[in-house]
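> Model the following, please.
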Amino acid sequence: MTVDSEITTHPPRRDAKRATARSKSLGDTAGPIEKAVKAVILTIACALVIVPFVGIVSTSLAPADQVTDAGGFVLFPREIDLTAYRSILSGGVVARALLISIVVTAVGTALSLTLTAMLAWALSRKGTVANKQMLILVLISLLFSPGLIPTYLVVRQFGLIDSLWSLIIPGLVSAFNVIVVRAFFVNLPEELTDAARIDGASEWQIFRRIALPLSKAVLAVIGLFYGVGYWNAFFNALLYLNDASKWPLQMVLRTYVVNGSEMGTAEMGQVVEAAPPQTTIQMAILVISIIPILLVYPFLQRHFAKGMLTGAVKG
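Next up is the predicted model:
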C-alpha cells in the first residue's frame with residue numbers, strides 16, 4: 001500500500017516541480033527584457049507628467065531676466081523670485097477670484113453632499129413615499145440632460161443672473177452620485193437599522209448617527225468629485241456672470257492664460273517697479289489654481305479603498 005501511494009503521488013509532485021522549474025527558467029530569461037521595457041515606459045510616462053508641472057512651477061518662481069532669456073519656459077530657476085505671486089495675491093483680480101472660488105467650492109460641496117446623501121437615503125428606504133417614481137425620475141435625469149437654452153431661461157427666471165448662486169444651484173445634485181450613494185445605503189445591514197428602531201431611534205436619527213458615520217468613505221469620494229467639479233467649472237460663470245468682479249479663478253485662468261490676455265498693473269494687487277513677464281504671471285496663476293486640489297486630495301485619498309463596514313455587525 002505504501003508502494004502504491006508512492007507510485008501514485010510522486011510523479012505528480014515531480015511534474016509540478018519540473019513545471020515550476022521550467023516557469024522560473026522562462027521567467028529568468030524574459031524577466032530582464034520585460035523589466036527594462038516597463039522601466040522605460042514608466043520613466044517616459046512619469047517624465048510626461050512631472051516635467052511640465054516642474055516647468056510651470058519653476059517658470060513662476062524664476063527671475064524675470066531668466067524667463068525672458070529662456071523664451072518663456074524655465075526648468076531650473078537660477079534663484080527664487082516671488083514677485084509674480086506678490087503681484088497677483090495682494091488684492092488684485094486673482095486674489096478676489098481665488099476667494100470667490102474657495103467660497104463657491106466650500107458652499108457648493110457642502111450643500112451638494114448634504115442633498116445627495118439625504119436623497120440617496122430616502123431612495124434606499126422601502127417605506128419612502130413614491131420611492132420607485134422618484135428613482136425613475138433620477139434615472140431619467142441621468143440619461144437625458146436639459147439643453148443649454150432651457151437651463152439659461154430657468155436660471156434667469158429665478159433671478160440668478162450675476163449671482164454667485166448661479167455657479168452652485170444649476171449643478172447642485174448629480175444623479176450619478178445619488179445612484180452611487182444609494183447603492184451604498186442599500187447594502188447597509190438591516191440589523192443595524194432594526195436594532196436602532198427597537199431602541200426608539202427615528203428615521204432621522206438612524207440616518208445621522210448610523211448611516212452617515214458608516215458612509216464616510218463613499219461621501220469623501222463623492223465630496224472630492226463635487227469639490228473638483230466646482231473648483232474647475234468656468235462655463236456657468238461664462239454664461240451667467242456679466243460682472244467681471246464676480247469671476248471665479250477659472251474664468252481668470254481662461255482669460256489671462258488660455259486666451260492670452262495681458263494682465264496690466266490695474267489688474268494686479270500691487271504695483272511693482274518692474275512688472276514680471278506675462279509668462280511668469282500666467283504660470284503663477286496656474287500654480288495657484290492647482291495647489292488647493294493637491295492639498296485636499298491626500299487627506300481624502302485614504303478613504304478611497306477603506307472599507308467602513310468591516311466588523312460593523314457582529315454576532
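
> mind listing what Thr109 touches?
223, 226-227, 230 (CB atoms under 8 Å, 6 or more residues apart in numbering). The C-beta positions use only the backbone N, C-alpha and C, and glycine is treated the same way.

> Let's see that with 10 Å instead.
By CB atoms under 10 Å, 6 or more residues apart in numbering, the residues touching Thr109 are 168, 222-231.

> Reformat the residues you listed as TSV; add neighbour count and secondary structure.
Shown next, in TSV, are the contacts of Thr109 (neighbours: other CB atoms under 10 Å; DSSP: H, G, I helix; E, B strand; the rest coil):
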residue	neighbour count	secondary structure
Ile168	21	coil
Ile222	24	helix
Gly223	21	helix
Leu224	19	helix
Phe225	17	helix
Tyr226	23	helix
Gly227	22	helix
Val228	16	helix
Gly229	16	helix
Tyr230	22	helix
Trp231	21	helix
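
> Those residues: which two are farthest apart?
Ile168 and Leu224 (17.1 Å; CB to CB).

> Skipping its backbone neighbours, what lies nearest Ala117 in space?
Val181 (6.1 Å; CB to CB, 6 or more residues apart in numbering).

> and the one you found, what does it touch?
113, 116-121, 123-124, 211, 215, 218-219, 221-222.

> try Thr151
145, 170-171, 236, 239-240.

> what's the strand or helix carrying Ala220 packed up against?
Assessed by DSSP states H and E, Ala220 sits inside helix 216-232. Counting by 3 or more CB pairs under 10 Å, 6 or more residues apart in numbering; DSSP states H and E, the packing neighbours recorded for helix 216-232 are helix 93-124, helix 175-186, helix 249-253, helix 278-301.

> now those in CSV, with distance to Gln205?
What follows is the helices and strands packed on helix 216-232, written out as CSV (distance: least, CB to CB, whole Å):
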stretch, distance to Gln205
helix 93-124, 12
helix 175-186, 15
helix 249-253, 40
helix 278-301, 27
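
> Compile those into JSON lines and extend it with columns for mean pLDDT and distance to Leu42.
Shown next, in JSON lines, are the helices and strands packed on helix 216-232 (pLDDT from 0 to 100; distance: least, CB to CB, whole Å):
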{"stretch": "helix 93-124", "mean pLDDT": "92", "distance to Leu42": "33"}
{"stretch": "helix 175-186", "mean pLDDT": "88", "distance to Leu42": "31"}
{"stretch": "helix 249-253", "mean pLDDT": "89", "distance to Leu42": "31"}
{"stretch": "helix 278-301", "mean pLDDT": "83", "distance to Leu42": "20"}
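
> Go through those helices and name the closest to Ala45.
helix 278-301 (19.1 Å).
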